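Pasted the sequence and its predicted model underneath.
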Amino acid sequence: MEAPLLLSWLLLLCFGRLAAEHGLSPPSPASPRVQDYPFMNWSLPWDQRVQDLVSRLTLDEMVQQMAHGGASNNGPAPAITRLGIKPYQWGTECLSGDVDAGPATSFPQALGMSATFNYDMVYKMAKATSDEVRAKNNNYTSHGDYSFHTGLSCWSPVINILRDPRWGRNQETYGEDPWLSGFLSRAYVTGLQGDHPRYVEANAGCKHFDVYGGPENIPVSRFSFDAKVSDRDWRMTFLPQFQDCVESGAWSIMCSYNSINGVPACANKQLLTDILRNEWGFKGYVVSDQGAIENIMQAHHYTSSIPATAAAAVNAGTSLEDGNYYDNVFNHIGDAVNMGLISQDTVKEAVSRLFIVRMRLGEFDPPDMNPYTKLEVSVVQSEEHRNIALQAALETVVLMKNTKDKGLPITQPVQSACVVGPFIDNPPLLFGDYAPIIMDQYVVTPLAGIQKQTHIGTDKLNSANGCNDGPKCNSYNGNDIKNACSGVDLAIVCLGTGNDVEREGSDRADISLPGSQLQLLQDAVGAASGPAVLVLYNAGPLNISWAKENSSVVAILEHFFPAQSAGSALARVLTGQYNPAGRLPNTWPASLSQVPAITNYTMVNRTYRYFEGEPLYSFGYGLSYTQFNYSDLSVVPKSITAGGNVTVDVTVTNVGSLDGDEVVQVYISWMKVPIPAPMRQLVGTQRVSIPSGKMTKLSFTIISKQMQLYTTKWEILPGEIAVYVGGQQPNQKTQAPSNVLNSTFSITK
């Protein structure tokens, strides 16, 4: 042989051996170069490129792309070497920062972010998260690393409704209101995906679709639970925020574990095709929750064979399985095709939805065209991102109680103080579920934050945990608490839940403070000579009626799971360096007797929209160190025909002595309609900073869509609608001192 021919033969032989070892296909010497394929031509339309790519795949190659959605050993989707297609990791968590992919900035958990009522804050947090996700992906893929959590496709945000205080996953949501959840999901999706006209920075995946909000494990398993829901509640409570997610451009939806009226969500054609695609125009892909495809057969008993299970999911509209095993259900799609249960065209359509996203992420374009490929890991825990984390932790704080002239802020030195409770110096408890890897050098616990300031405990600052087993507090040392707080001028008590008490897979049986935590609070209050401040780290509401009514507890702060900046934010709020303005994103019932069974999916007596009792604290509630006054309310026009919009103008004045933020809320109420309707509905909000003595004028638009009610279809009914504008809901027993204005407009046929 001539030398060049011999060299070529040896290269092919070596590649062939490597290919045999790794399951790769050697290219034919006559094959065109990969870069010459139309799907690599960036000047062609997206759909033409995707069509070309998918047309070149064998059935088995398509199956392998659909079968490996990412979690654990289920991913990545394998390479297709003959086409120059690399592996792809679909499994990434981005709820409060980039999870389990190395160092990352940690932002407050989602429920806390919703308490900010601030679109811009959620957007900034999502954008910072996306920068870190992309930067680390650039680094990982440059080293050939496609392991779990290193990809660009985020399983976030969670926009299920917080409908029951006991549900273990309340912390992951944006609260109980469909409009607020949709509003904030738009902020998250647009922040995460970026604003580039061609490329997506990291793709959002809104979950869990749908009618998923407990139980996890009490009294039955989520894996087999069948949510029985009326069409009205489905349309008016469980679907609207997902439509907002789709309309904001999200590229992924995750179908949930549960069944809906007898049909598993991941095999539910009405949900995944009729509503999601045909009604809303969704163009992206549907991925299953981990193991949800398996459970169609194993837990729901909806199908009787693996090929039939694959067919049910794919025909309904699921494109990607996040399974528990590498050899999972979707690995048998080929069998289902051969049995006539799925058409090959349906498989092509499903896999096309995966590759359009990979193209929009820039995978098949020259890297220099995509500005996101230039992001480097130096953005991780950058000063800018740490500042966003701190500002977010500040904005999440809800001031629930504050005794005038005795409570917060603490502006004069306090000589002796105690800081007690299981949350004072235990970093993991402050982060919630699905949090990034904790970077100790950036974490400030409540105790550390208070120790760094100069107002509290100038002569003596004692501390004690009290709970030997963490927040469960079944093993309690009351002597430690009494000794730490004996005779002090101020007691700061940090209580709550944490992942030990509420998280995915673990519901609460009740809403009491866990274990002996109430006793801990009472012991601290009894031992101290001065007042007490209660600080809460939790998601689901807690029965804190004793603290609310006890005059020695002069202030209560809700801080959710604030992550790395917990202590820095707390110290600033306690000492008046920051004026809190967070609002509760969910109703706090006065007792468990007000809460229907968790398995009951009617909305009767659930959330502020339908709850007829007197809550401990209401949705939208929160105090400030200053006071605001509302005036000059204008609602025009006063009469509209169905389909028209209404403009609401209002003036807000800071009449107090301190600068502060105000969360302006606009509600409507259908006054006389012949069908069930929410008692009131949030239709607009804006968080504004107003200096002391200054005023600002705000304008909101109530669009016709917000006036709709669902019967057997969406309708705008004639009648009168009340409008309320203030820093809270109207007519609440426990309320802020600011006023709430009201007006009306009418709808004619």
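All right, it came through fine.

Could you use CA atoms for every contact and neighbour count after this?
Fine.

Please verify my assumption that Ser304 contacts Met297.
Yes: between Ser304 and Met297 there is a contact under CA atoms under 8 Å: 6.2 Å.

Comparing these two, which shows the higher neighbour count?
Met297 (20 against 11; other CA atoms under 10 Å).

Please list all residues in contact with the closest residue to the more buried one other than its chain neighbours.
Distances taken as CA to CA, 6 or more residues apart in numbering put Thr303 closest to Met297, at 4.9 Å, once the chain neighbours are dropped. Shown in contact with Thr303 (CA atoms under 8 Å, 6 or more residues apart in numbering): 296-297, 309.

okay, these in a markdown table with pLDDT and distance to Leu698 next?
As requested, those are exported to a markdown table (pLDDT from 0 to 100; distance: CA to CA, whole Å):
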| residue | pLDDT | distance to Leu698 |
| --- | --- | --- |
| Ile296 | 98 | 50 |
| Met297 | 97 | 53 |
| Thr309 | 98 | 53 |
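
how far away is Val398 from Ser96?
Note on Val398: its distance to Ser96, by CA to CA, to the nearest Å, is 19 Å.

same thing with Val554?
According to CA to CA, Val554 stands 31 Å off from Ser96.

who has more neighbours, the two?
In terms of neighbours (other CA under 10 Å), Ser96 is the more surrounded of Val554 and Ser96; the figures are 29 against 22.

So the more buried one is in contact with Tyr434, correct?
Yes: Ser96 lies in contact with Tyr434 (CA under 8 Å); the separation is 7.4 Å.

number of nearby residues for Lys207?
Neighbours of Lys207 under the rule other CA under 10 Å: 25.

Just confirm Ser669 is within a strand.
Yes: the assignment for Ser669 is a strand, going by DSSP: H, G, I helix; E, B strand; the rest coil.

Leaving aside the residues adjacent along the chain, what's closest to it?
By the measure of CA to CA, 6+ apart, the closest residue to Ser669 outside its immediate chain neighbours is Arg680, 4.4 Å from it.

what sits against that neighbour?
Contacts of Arg680 by CA under 8 Å, 6+ apart are 608-609, 667-670.

now swap in Ala569 and tell me
By CA under 8 Å, 6+ apart, Ala569 lies in contact with 390-391, 393-394, 449.

and what of Ser96?
106-110, 125, 129, 434-436.

Apply 10 Å and report the result again.
Taking CA atoms under 10 Å, 6 or more residues apart in numbering, we find Ser96 in contact with 104-110, 113, 125-126, 129, 156-157, 172, 389, 431-436, 562-563.

just to revisit the earlier point, what is the nearest of the contacts of Thr303 to Pro580?
Minimum distance to Pro580 across the contacts of Thr303 is 46.2 Å, recorded for Ile296 (CA to CA).

Quick check: phi and psi on that closest one?
Dihedral pair for Ile296: phi -50, psi -40, per degrees, to the nearest 10.

Grab the nearest non-local neighbour of it.
Ile296's closest residue in space is Tyr302 (CA to CA, 6+ apart), at 5.7 Å.

show me where the stretch 151-300 of the chain has strands.
Per DSSP state E, counting those that start in this stretch, the stretch 151-300 of the chain carries strands over the ranges 205-209, 226-227, 252-255, 259-260, 263-264, 285-288.

Quick one: list the elements packing against the first one.
Packed against strand 205-209 by the contact rule (3 or more CA pairs under 10 Å, 6 or more residues apart in numbering; DSSP states H and E) you find helix 178-193, helix 240-247, strand 252-255, strand 285-288.

Of all the residues in that strand, which ones are buried?
For strand 205-209, a neighbour-count test (16 or more other CA atoms under 10 Å) marks 205-209 as buried.

and if you look at the third one?
Using 16+ other CA under 10 Å as the burial criterion, the residues of strand 252-255 that qualify are 252-255.

I'd like those as a markdown table, with distance to Gly656 and pLDDT appended.
A markdown table is the format used below for the buried residues of strand 252-255 (distance: CA to CA, whole Å; pLDDT from 0 to 100):
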| residue | distance to Gly656 | pLDDT |
| --- | --- | --- |
| Ser252 | 46 | 98 |
| Ile253 | 45 | 98 |
| Met254 | 46 | 98 |
| Cys255 | 48 | 98 |
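
which one of these sits closest to Gly284?
Here the nearest of the buried residues of strand 252-255 to Gly284, counting by CA to CA, is Ser252; it sits at 5.4 Å.

Give me the spatial nearest neighbour of the closest one, chain neighbours excluded.
Gly205 (4.3 Å).

do the same with Gly182
In space, and not counting its chain neighbours, Gly182 is closest to Gln241: 4.0 Å by CA to CA, 6+ apart.

Relative to Lys127, how far out is the one you found?
To Lys127, Gln241 is 20 Å away according to CA to CA.

Can you list the low-confidence ranges for this protein?
For the chain, residues meeting the criterion pLDDT under 70 lie at 1-32.

ok, now with 80
For the chain, applying pLDDT under 80 flags the ranges 1-32, 325-326.

orientation of the longest helix along it relative to helix 178-193 in degrees?
What stands out as the longest helix in the chain, according to DSSP state H, is helix 119-142. Going by axes from the mean of the first three to the mean of the last three CA atoms, to 10 degrees, helix 119-142 is angled at 40 degrees with respect to helix 178-193.

Fine by me, thanks again.
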